[in-house]
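> sequence plus the predicted model coming up.
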Amino acid sequence: MRKPRVLVFGGYGLNCEDETKFGFDLAGGDARVVHVNDLVAKPKKIREYEILAFPGGFSYGDDTGSGNAYASKVRNHLWPEILEFVKKDTLVIGICNGCQILVSLGLVPALGGKYGKREVALLHNSSTKYVARWTDMKIENEIPWFQGISHISLPIAHGEGRLYASVEILDNIEKKRLVALRYECGSLCEYQNLPSNPTGTLRNIAAITNENGRILGMMPHPERALFFTELPNWTLLKEKYERQGKKLPVYGPGFEIFKNAVKYFQ
């Protein structure tokens with residue numbers, strides 16, 4: 001069975017590309033990190049892939065706003081190829097800075113299937129601080145990325161993750177069920193004694209999708225939760241599993257997202 005090919009964007013301050021590649025490879029994909037300049041030189045290379053991933057980082061030092069400069073690079077040089085790609089039966093994910101890039105490109109939520117129009121923003125966290133911690137979330141829409149998952153815990157690490165849009169846009173997003181993840185207070189929230197919504201994002205939104213569910217923009221980092229021992233309370237859980245005579249899990253919650261993406265093409 002052929003492994004689905006994954007293009008992980010790199011360059012200009014994106015710094016989670018290796019971890020993102022590792023997640024897809026671990027799940028059974030064939031991932032390659034490609035510098036955006038190499039794609040600009042040969043844009044048709046995008047056609048060789050089934051999945052595009054924009055990883056986390058601080059592209060262009062977050063100058064002009066997180067994700068904006070990198071999105072401009074993609075829009076100015078690769079937009080026809082990106083449009084062609086998303087209109088096929090493919091998958092796209094943007095994680096943290098990658099989510100900010102997707103929002104700037106207008107690939108999510110893309111209401112009415114109109115790609116290219118920016119409809120939401122990711123503003124500075126309400127605390128005005130960079131926040132790095134684990135969060136609990138509820139899956140609001142069982143899109144291809146979240147098949148078989150109802151709740152998930154993942155870490156965040158960003159300073160601009162507060163989703164903002166007009167009431168009209170937000171209502172439309174809710175009506176069309178384009179909220180993919182919503183922060184909630186679960187076991188890790190209680191374990192850390194921290195508020196469930198870490199950024200002040202409107203309506204507790206942590207991730208959004210486009211209307212066919214194949215393009216996902218999420219602020220949490222699944223590539224930092226691939227293994228059980230990455231959970232902040234794994235030692236506590238280890239004691240509980242051992243006392244109950246249960247085998248310790250190998251993989252963490254983030255692995256399921258990568259596995260679902262690969263499974264989509266198999």
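Cool, the structure landed.

> which stretches of this protein have low pLDDT?
For the chain, applying pLDDT under 70 flags no range at all.

> mind listing what's buried along the longest helix that it contains?
The longest helix of the chain (DSSP state H) is helix 68-86. Neighbour-count burial for helix 68-86 flags 68, 69, 70, 71, 73, 74, 77, 78, 81, 82, 85, 86 (criterion: 16 or more other C-beta atoms under 10 Å). Where C-beta positions appear, they are placed from N, C-alpha and C, glycine not excepted.

> just the strands in the stretch 51-200 of the chain please.
For the stretch 51-200 of the chain, the strands defined by DSSP state E, counting those that start in this stretch cover 51-54, 91-95, 121-123, 131-139, 151-158, 162-164, 179-184.

> that older thread, outside of the longest helix of the chain, which residues touch it?
Contacts with helix 68-86, where a contact means C-beta atoms under 8 Å, 6 or more residues apart in numbering, come from 12-14, 36, 39-40, 43-44, 46-47, 49, 52, 54, 59-60, 63, 92, 97, 100-101, 104-105, 107, 115-116, 210, 214-215.

> just the buried residues of the residues you listed.
Buried among the contacts of helix 68-86 (16+ other C-beta under 10 Å): 12, 14, 36, 39, 43, 46, 49, 52, 54, 59-60, 92, 97, 100-101, 104-105, 107, 115, 210, 214-215.

> residue 180 - nearest residue in space that isn't next to it in sequence?
Distances taken as C-beta to C-beta, 6 or more residues apart in numbering place residue 207 nearest to residue 180, at 4.0 Å, with adjacent residues excluded.

> chain center to the helix or strand that neighbour falls within: distance?
Here residue 207, judged by DSSP states H and E, is contained in strand 205-209. Strand 205-209 has its C-alpha centroid displaced from the chain centroid by 9 Å (C-alpha atoms, centre = their mean, to the nearest Å).

> that strand pairs with which strands?
Using DSSP bridges, strand 205-209 pairs in its sheet with strand 179-184 (antiparallel), strand 215-218 (antiparallel).

> between the longest one and strand 131-139, how many degrees?
Going by axes from the mean of the first three to the mean of the last three C-alpha atoms, to 10 degrees, strand 179-184 is angled at 120 degrees with respect to strand 131-139.

> for strand 179-184, buried residues please.
Buried, per 16+ other C-beta under 10 Å, within strand 179-184: 179, 180, 181, 182, 183.

> also stretch 183-199?
Buried-residue list, stretch 183-199, by 16+ other C-beta under 10 Å: 183, 186, 188, 189, 194, 196, 197, 198, 199.

> which ones among those map onto helices?
Going by DSSP H, the helices hold 188, 189 from these.

> quick check, nearest of the buried residues of stretch 183-199 to residue 126?
Within the buried residues of stretch 183-199, the smallest distance to residue 126 is 6.4 Å, found for residue 199 (C-beta to C-beta).
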